[in-house]
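Participant: build me a structure from this.
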Amino acid sequence: MIPDDQHIVLVGLMAVGKTTVSRVLGERLGRKVIDSDQVIEARTGRTVREIFATDGEAAFRALETAALCDALAEAEPVVIAAAGGVVLSAENRAALRAAPARVVWLCADPATLVDRVRPGSHRPLLDNDPEGTLRKMFAERSELYREVADAIVLVDNRSVNDIVEAILR
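Facilitator: Okay, here's the model as predicted:
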């Protein structure tokens, strides 16, 4: 059961379904949904791909931290779809642990995620070798996701509604 006074933060690799699941979860709970990638794009007037191309990954990560911290500071409990790399920063992991939030790691086999990504999408890190990159990210980030997660929900071969129900349990 999700406490009424806590944010719900969805973390996980890109393409795991954080945006889609957060929308359905927000509707079910009657909560505002904040998607950090969308916040970054709205604030900068540029896509994630454009930010990576012109400013680099470090600049994107700084914007990612600002979006996360602002979302966690919301007075009313919200559902937050955190950017995939949010756990790479020790500052972000500390913020997630300190916040009045339940953090849910949406976990999928990288092979599942490869089927969901399109070449040239808004995910510039996957341009050259989507499968290899996702496998490497999974290996590098799994312990970081586990460190911040209050719950882990496996998403392979599950519908969005099944995932939402698992989060609510």
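
Participant: surely Leu154 and Ala108 touch.
Facilitator: Yes - with contact defined as C-beta atoms under 8 Å, Leu154 reaches Ala108; the gap is 7.2 Å. In this view, the C-beta of every residue, glycine as well, is placed from N, C-alpha and C.

Participant: gap between Asp129 and Ala59?
Facilitator: Plainly put, Asp129 is 23 Å away from Ala59 if you go by C-beta to C-beta, to the nearest Å.

Participant: the two: who's more crowded?
Facilitator: Ala59 (13 against 10; other C-beta atoms under 10 Å).

Participant: and the strands in the protein, which stretches?
Facilitator: 7-11, 33-35, 79-81, 101-107, 151-154 (DSSP state E).

Participant: I'd like these as a markdown table, with mean pLDDT and mean neighbour count appended.
Facilitator: Shown next, in a markdown table, are those (pLDDT from 0 to 100; neighbours: other C-beta atoms under 10 Å):
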| stretch | mean pLDDT | mean neighbour count |
| --- | --- | --- |
| strand 7-11 | 98 | 26 |
| strand 33-35 | 98 | 22 |
| strand 79-81 | 98 | 29 |
| strand 101-107 | 97 | 23 |
| strand 151-154 | 96 | 16 |
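
Participant: what's the closest of the ones you listed to Lys136?
Facilitator: Within the strands of the chain, the stretch nearest Lys136 is strand 101-107; the backing value is 16.0 Å (C-beta to C-beta).
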